[in-house]
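Participant: Provided below are the primary sequence and the corresponding predicted coordinates.
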Amino acid sequence: MVNLGFSIGDLQFKNPVLTASGTFGYGQEFDDFLDVSRLGGIVVKGTTLEPREGNLYPRMAETPSGMLNAVGLQNKGVDYFENSIYTRIKSYNTNIIVNINGSYIDDYVNLASRINKLDKIPAIELNISCPNVKKGGMAFGTNPRSAREVIKAVRAASTKKLIVKLSPNVTNIVDFARIAEEEGADSISLINTLLGMSVNVQKMKPALSTITGGLSGPAIKPIALRMVWQVANAVKIPVIGMGGIMTASDALEFILAGASAVQIGTASFIDPQASIKILEGIEKFLNQKGFSDIREIVGFINHKS
Amino acid sequence: MSKRIEDLKVIGNKRLNDDFFIIELTGEQKLPDFKPGQFAQVRVDGSPDTFLRRPISIHEVDLGRNTFKLLIQIAGKGTETLSGLKNGDMLNLVYPLGNSFSLPAENEKVLIVGGGCGVAPLLFLGKYLKSNGHTPDILLGFRNMERIIEYEQYLKIGKVFLTTEDGSMGEKGYVTDHSVLTNSTYERVYCCGPDSMMRAVAVWCKKNNINCEVSLENLMACGIGACLCCIVDTVKGNLCTCIDGPVFNTTELKW
């Protein structure tokens, strides 16, 4: 029996496979395909104080080994989440994490305070890295001073475990990881999507209504892996790696590079069972290699032998 | 109805013309109880250019033989690859997805309007209506005679009216120009085809106070309501084509 568990402070996760925000709905969308309670955790769709309609269609474009999206945080707002969604999903036997977003620091603080009252939500993921909104989002996560301000403010407003989700669209992501750790984050998740674009040649116009959007999928995996490795070597808090993970082998790359856990994102669009298959593959790998605890291989490539 | 992910076996691949082909599939398990209007998300293996699944509507179902068909238009690399499938090849599907056309009331006068690739979901609908005691009329529009597909199949369902843009067969013009629209009265229209055609039909239905449902084809990633990419602007706000559609009553759409 392999121990797959990991923890963020005193918060236990049964295994290191979580689903990434915006790629797994609220879990229920996947009920026909898998038992959500088998997952280490689910990070639900990015939530804001007020309902948001998101960006205009088209907001998606397929690209080689990946996709661009410009959804723009479409969601029904925290009231709807609390009254209609939370009541349905709180019975999942897994850690439900809410990804929080805002245009202003006050939005983040008010939202964090609202989520703080929900018993079955043990952690929040602070999204300062959404590339698809005009105000807030990535603007916070690409400026060290505003990143520090928003993390500090949310930390003060929330007693939940605080995971800060970083943007890769910066010169040195380690600076932002250190800021998050200094301001009391319990964990860091990375990477959000990379800013990209695509042009429809036949129509002679941008593929997305917003022109630019966030690139995800295997196309970004080597960049994500490099950033996770850099950050894991720079901070002491647990790092959750993501970016183009499609298979257990991909997930193991992140873990061997220093991630304590992974999030599965775009893969769930192609195979709704991807997260569970990756979990099973990680367990199989540990058994084959004779490890009894996943923590033995976290950051393995950095260990001096 | 429960959605599933499954490897299905190709037991037929029939080329209709340069642009269209029909794949027939069967599975080891009993197939689900499909509803007309639903679609499948088809995985195209083998190339980084076909990363996402392709949404394809269910064209025909034969539960007795445990088979169903997908009518596919070659529109890019993914569908090009699918056109080369051979008998015995396996195809991975996430299905059945989406809502379905609503059934007409008894004795309601029904017209099915299809154009181009839009004939794909409507054949299943037509057969379904017929087996439920309805006798729909069918109006099909194509660019020219060479591009007419599935005409004989529709003849088995009801009276078929035809338009071609160049007049090479049937009446010349678009479906909305056809004389049947002025000579007959309908109480319900089901439509699928190019966006411009569906909008024109929706406008005509609105003017004549006819209940109209259209099947939309938006760019899609997941097909199960998770990614929020395939949205359509409706009177209820943004809805997902994949779970709230693909069938919408045109009174819901901001057309």
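Facilitator: Received it, and whenever you're ready, just let me know what you need. This one's a predicted model, so the numbers in the text were calculated from it and none came from an experiment.
Participant: residue of chain B nearest chain A, please.
Facilitator: Ranked by CB to the nearest CB, the top residue of chain B for proximity to chain A is residue B:229, at 3.6 Å. Where C-beta positions appear, they are placed from N, C-alpha and C, glycine not excepted.
Participant: need the contact list for that residue.
Facilitator: Applying CB atoms under 8 Å, 6 or more residues apart in numbering or on different chains to residue B:229 gives the contacts A:59, A:60, A:69, A:71, B:219, B:220, B:221, B:222.
Participant: got a markdown table for these, with distance to residue A:31, pLDDT and secondary structure too?
Facilitator: Output for the contacts of residue B:229, formatted as a markdown table (distance: CB to CB, whole Å; pLDDT from 0 to 100; DSSP: H, G, I helix; E, B strand; the rest coil):
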| residue | distance to residue A:31 | pLDDT | secondary structure |
| --- | --- | --- | --- |
| A:59 | 25 | 97 | coil |
| A:60 | 24 | 97 | strand |
| A:69 | 23 | 97 | strand |
| A:71 | 22 | 96 | coil |
| B:219 | 25 | 94 | coil |
| B:220 | 20 | 96 | coil |
| B:221 | 19 | 97 | coil |
| B:222 | 14 | 97 | coil |
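Participant: would JSON lines of the residues you listed with distance to residue B:199 be doable?
Facilitator: Formatted as JSON lines, the contacts of residue B:229 follow (distance: CB to CB, whole Å):
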{"residue": "A:59", "distance to residue B:199": "21"}
{"residue": "A:60", "distance to residue B:199": "22"}
{"residue": "A:69", "distance to residue B:199": "26"}
{"residue": "A:71", "distance to residue B:199": "25"}
{"residue": "B:219", "distance to residue B:199": "18"}
{"residue": "B:220", "distance to residue B:199": "20"}
{"residue": "B:221", "distance to residue B:199": "25"}
{"residue": "B:222", "distance to residue B:199": "26"}
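Participant: redo these as JSON lines? Include neighbour count.
Facilitator: Output for the contacts of residue B:229, formatted as JSON lines (neighbours: other CB atoms under 10 Å in any protein chain shown):
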{"residue": "A:59", "neighbour count": "27"}
{"residue": "A:60", "neighbour count": "25"}
{"residue": "A:69", "neighbour count": "26"}
{"residue": "A:71", "neighbour count": "26"}
{"residue": "B:219", "neighbour count": "17"}
{"residue": "B:220", "neighbour count": "23"}
{"residue": "B:221", "neighbour count": "29"}
{"residue": "B:222", "neighbour count": "29"}
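Participant: show me how chain B divides into domains.
Facilitator: Chain B breaks down by automatic domain parsing into domains covering B:4-97, B:110-215, B:217-255.
Participant: which non-adjacent residue is nearest residue A:299?
Facilitator: Take residue A:299 and drop its neighbours on the chain: the residue closest to it by CB to CB, 6 or more residues apart in numbering or on different chains is residue A:258, 4.0 Å away.
Participant: what about the one you found, neighbour count?
Facilitator: 23 (other CB atoms under 10 Å in any protein chain shown).
Participant: also residue A:159?
Facilitator: Residue A:159 has 8 neighbours, counted by other CB under 10 Å.
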